[in-house]
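J.: Please work out how this folds:
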Amino acid sequence: MPGFYAVHTLCLLCMPFATRSLPTGLAAVFLLGILMYLVNSPSQMLFLNTAAEEYPSCVNLAASFNSVFFNLGIAAGSFLGGLVVDHAGLRFVGAAGAVPAVLAGSCAFLLTGIMKKRDRKKLMGS
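T.: Modelled structure (predicted):
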């Protein structure tokens, strides 16, 4: 997951340059769309599998939280994009979108480390 977020961030940072011509702009938007779907399903499965392993009685709650937080992220991103378009212009939406992508990648990296430590403790304890 952190690798996907890194590639996603690079694509967003390249958007101001890629949108200077139609072919490169279309390619960048297409790549961003593919990355979005490549990250979506694995993150959902990881979230639901973790809930099923750690808190089996809360799987339905985890499934509902999953869609709630995806929609919250869409709303926050739309709000941020609207602010950027109003104040800096359409060309800088990608660069502004890289900020939350870096935050998401950082969180994924930290969570990966926490999960690895937890798994090592489970192996040593059993």
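
J.: For the rest of this, base every contact and every neighbour count on C-alpha atoms.
T.: Will do.

J.: which non-adjacent residue is nearest the residue nearest the centre of the chain?
T.: The C-alpha lying nearest the average C-alpha coordinate of the chain belongs to Ala104 (CA atoms, centre = their mean; 5.5 Å). Counting by CA to CA, 6 or more residues apart in numbering, Tyr5 is the residue found nearest to Ala104 once chain neighbours are left out, at 7.0 Å.

J.: And for Ala101?
T.: The nearest residue in space to Ala101 (CA to CA, 6+ apart) is Thr9, at 5.6 Å.

J.: pretty sure that neighbour contacts Leu103?
T.: No: assessed by CA atoms under 8 Å, Thr9 is found out of contact with Leu103, at 9.9 Å.

J.: who has more neighbours, those two?
T.: The residue with more neighbours, out of Thr9 and Leu103, is Thr9; 23 against 13, by other CA atoms under 10 Å.

J.: Identify the residues contacting that one.
T.: Counting by CA atoms under 8 Å, 6 or more residues apart in numbering, Thr9 touches 97-99, 101-102.

J.: Pull out the buried residues from those.
T.: Buried members of these, scored by 16 or more other CA atoms under 10 Å, are 97-98, 101-102.

J.: for the helix or strand harbouring Ser78, which positions count as buried?
T.: Using DSSP states H and E, the element containing Ser78 is helix 59-87. Neighbour-count burial for helix 59-87 flags 59, 62, 66, 77, 80-81, 84 (criterion: 16+ other CA under 10 Å).

J.: Also stretch 104-119?
T.: For stretch 104-119, the neighbour count (16+ other CA under 10 Å) marks 104-105, 108 as buried.

J.: where exactly do the strands run in the protein?
T.: Using DSSP state E, the chain contains no strands.

J.: in it, which ranges drop under the pLDDT threshold?
T.: For the chain, the stretches with pLDDT under 70 are 126.

J.: can you pull out the helices in it?
T.: 2-18, 22-54, 59-87, 93-125 (DSSP state H).

J.: Just the angle for the third one relative to helix 22-54, thanks.
T.: Read that as helix 59-87. Going by axes from the mean of the first three to the mean of the last three CA atoms, to 10 degrees, helix 59-87 is angled at 150 degrees with respect to helix 22-54.
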